[in-house]
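[1] Fold the following, please.
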Amino acid sequence: MSDSENNPRDGRPGDVRRDPRGGLRVRSASPADLDAVLAFWKTAAEGTSISDDRAGVERLVARDPEALLLAERADGELVGTVIAGFDGWRCHLYRLAVRPDARRQGIGSALLAAAEERFTALGGRRGDAMVLNRNERAHAAWKAAGYAPQPQWSRWVKPLVEE
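    Residues are numbered from 1 along each chain as shown. Here you go, the predicted structure:
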């Protein structure tokens, strides 16, 4: 195997990460991907957000083109997503979603590895994840990835626009 085949990276940092074992690749989303991502979240993501619309995701990709990571099979089929947002101070993970019939195949782990690599390259020191309290299956996955809840904190939210 050549050095390039041993290296899971392809292109510039944050561009594409390949898993040679399963034909999976993780790459940053482009504006052309947004309709597919929104449709994917309707079937694979748990819960909804005020930002789950085209305008919200367009703003995300325009502001930080490498934040929305997609996992695809070799044929280009979308099987997972995560938003790896970095504000210059903290590393935030949102919308880790894997297609239901593709779960427990390492897709979530590959997405988290790519997100954590992105954060480290940007100078991040700790990642935090938004996980629904009711999503017990997600709790087990996040725990297996090394994340833990912080019971001393709670999320406080104020909508800035009417839904």
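
[2] Below-threshold pLDDT in the protein: ranges please.
    Within the chain, the ranges that satisfy pLDDT under 70 run 1-22, 48, 163.

[3] Could you rerun that using 90?
    By pLDDT under 90, the weakly predicted segments of the chain are 1-23, 45-53, 88, 102, 130-138, 150-163.

[4] ok, which stretches of it are helices?
    3-6, 34-44, 54-63, 107-122, 136-144 (DSSP state H).

[5] and those as JSON lines, adding mean neighbour count and distance to residue 23?
    From N, CA and C alone the C-beta is placed, and that goes for glycine too. Below are the helices of the chain laid out as JSON lines (neighbours: other CB atoms under 10 Å; distance: least, CB to CB, whole Å):
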{"stretch": "helix 3-6", "mean neighbour count": "8", "distance to residue 23": "13"}
{"stretch": "helix 34-44", "mean neighbour count": "15", "distance to residue 23": "19"}
{"stretch": "helix 54-63", "mean neighbour count": "14", "distance to residue 23": "25"}
{"stretch": "helix 107-122", "mean neighbour count": "20", "distance to residue 23": "11"}
{"stretch": "helix 136-144", "mean neighbour count": "14", "distance to residue 23": "22"}
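
[6] Nearest to residue 100, out of the ones you listed?
    Checking the helices of the chain against residue 100 by CB to CB gives helix 34-44 as the closest, at 6.3 Å.

[7] Give me the contacts around that closest one.
    Residues from elsewhere that reach helix 34-44 (CB atoms under 8 Å, 6 or more residues apart in numbering): 29, 52-54, 57-58, 61, 68, 70, 78, 80-81, 95, 97-100.
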